[in-house]
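Colleague: One predicted model, sequence on top.
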Amino acid sequence: MPRVRGCGCSAAETVIASRRMDRGRSVRLEAGTASHTGLIRASNQDSVGLVEGLYVVADGMGGHRGGEVASAEAVAAMLSVFDRRDRAGLVSAVRSANRTILEMTVTRPDLSGMGTTLCALAVANSASGDEVLAVANIGDSRVYRFAAGELVQVSDDHSLVADLMRAGELTAEEAARHPQRNILTRALGIEADPVIDSWELEPALGDRYLLCSDGLFNELDDGRLAEVLAAGSVQETADRLVDEAVENGGHDNVTVLVLEVVAGPEAREDRRSAVPAARSEWSTPTLGEADQGRVAFGTALAMAVCVLATVVLVVGLYARQGWFIGSDDGDVAVFRGRPSGLLWFDPTFVEGGDLRLAGLDGPIRIAVYETIVVGSLDEARRLIEGFRAGLEAAPTDQA
Ligand code: MN
């Protein structure tokens, strides 16, 4: 049986991988993993899971036991449904994990509002039949490649500070210290059809990969990650990374999965492939494609009206689902709908009016101005309380 672990366990505990061997594969990875609750949090809401050829890390969020359940269920769902060994199969396994969490949220009101990040790496086949490493990510857990002494972050963070950094509003240093750096812009368990990033990478003998929750890279900088990854077995490396994150403060749960390509093609000296940009895939099929070309001319108009009505309904539902924080005439406010409005469906004001945008810290002010998409009214309220608390904590004599 594949083992999934909610990580309330010691750093050195070993996860037993099942041996679901695929015949004829030449690429093989060795894995080491470790996790720790840290020094501040009461429970470990991270989860890690692996079977031969599939490796997953998830960082759950949500009150009560929600976070633990979300990350463990997401990892378990991935391990049980991943069978089509290509990049699209990996992405669809992530979607399946998302459905699992959403369904649980419906049947278990005590878990409502739970969500999780998830990153995964799998040995897979490319369209041309070559063996590749498929990577998928949603949220701010990370996948790094450590090859030829160089550490590269493969995944992009789906977080408020990462958005602000990409927009040139924050430097990497500011982002790393930002008090709101835990605000996610994408996660599993929030919406029916989330956008999942994915990559295909060339495996090369000796390359290492690191999958980790934010509890690791918020405590250790890239330079230190690279130094630790450079020495020892994968299990020793995993243990050392977690130990150091805890020694450096252990502010959050910390989970790492260290992989090494122990069988596979030699690295090509001349050019090690660069990490490509993410591909972001939606699974929504195009409306109305199925019956094209089979409609008699006489009924075409009726069909068109019907399809248009369906599109309007679907777009209306899409436009109205979701919540976001934005500016209502200079006040921080919560809206229902999509930030830009969509066709004639304008977002609806829900609440707000007691916190002025102008008083907020620069990056947060910009983020609110550009709107922050959230999963629920509760989440919006929590964030706004966070802004308010930051305001009260901040020194008032800043220039
Ligand atoms: Mn975390």
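Modeller: Right, received. Where do you want to start?
Colleague: burial count for I138?
Modeller: 31 (other C-beta atoms under 10 Å). C-betas here are computed from N, CA, C, even on glycine.
Colleague: was I right about it contacting E191?
Modeller: No: using C-beta atoms under 8 Å as the test, I138 is too far from E191 to be in contact (10.8 Å).
Colleague: Model confidence for Q45, exactly?
Modeller: According to the prediction, Q45 has pLDDT 96.
Colleague: for D157, same thing?
Modeller: On the pLDDT scale, D157 is placed at 94.
Colleague: Quick check: it is in a helix.
Modeller: No: counting by DSSP: H, G, I helix; E, B strand; the rest coil, D157 is not found in a helix; it is coil.
Colleague: give the contact list for it.
Modeller: By C-beta atoms under 8 Å, 6 or more residues apart in numbering, the residues touching D157 are 139-140, 142.
Colleague: Which single residue of the stretch 1-150 of the chain ends up nearest the ion?
Modeller: D59 (4.3 Å; C-beta to the ion).
Colleague: I'd say that residue and D214 touch.
Modeller: Yes: proximity of D59 to D214 meets the contact threshold set by C-beta under 8 Å, at 6.5 Å.
Colleague: what's the burial count for S280?
Modeller: Using other C-beta under 10 Å, S280 has 14 other residues around it.
Colleague: Phi, psi for it please.
Modeller: phi -110, psi 120 (degrees, to the nearest 10).
Colleague: ok, now R84?
Modeller: The phi/psi pair for R84 (degrees, to the nearest 10) is phi -90, psi 110.
Colleague: count of neighbours near it?
Modeller: 13.
Colleague: dump the residue contacts of it.
Modeller: S92.
Colleague: One more: L184?
Modeller: With C-beta under 8 Å, 6+ apart, L184 has these contacts: 61, 115, 117, 139-140, 158-160.
Colleague: same thing but 7 Å
Modeller: Going by C-beta atoms under 7 Å, 6 or more residues apart in numbering, L184 touches 117, 139-140, 158-159.
Colleague: Where do the helices of the stretch 1-150 of the chain begin and end?
Modeller: For the stretch 1-150 of the chain, the helices defined by DSSP state H, counting those that start in this stretch occupy 66-81, 87-107.
Colleague: in the longest one, what counts as buried?
Modeller: For helix 87-107, a neighbour-count test (16 or more other C-beta atoms under 10 Å) marks 87, 89-95, 97-98, 100-102, 104-105 as buried.
Colleague: picking up where we left off before, which one's more surrounded, D59 and D214?
Modeller: Remark: of D59 and D214, D59 carries more neighbours, 31 against 24, as counted by other C-beta under 10 Å.
Colleague: Please report the distance of the spatially closest residue to that one that is not a sequence neighbour from the ion.
Modeller: With sequence-adjacent residues excluded and distances taken as C-beta to C-beta, 6 or more residues apart in numbering, D59 is closest to S213, at 4.1 Å. Distance check for S213 against the ion: by C-beta to the ion, to the nearest Å, it reads 5 Å.
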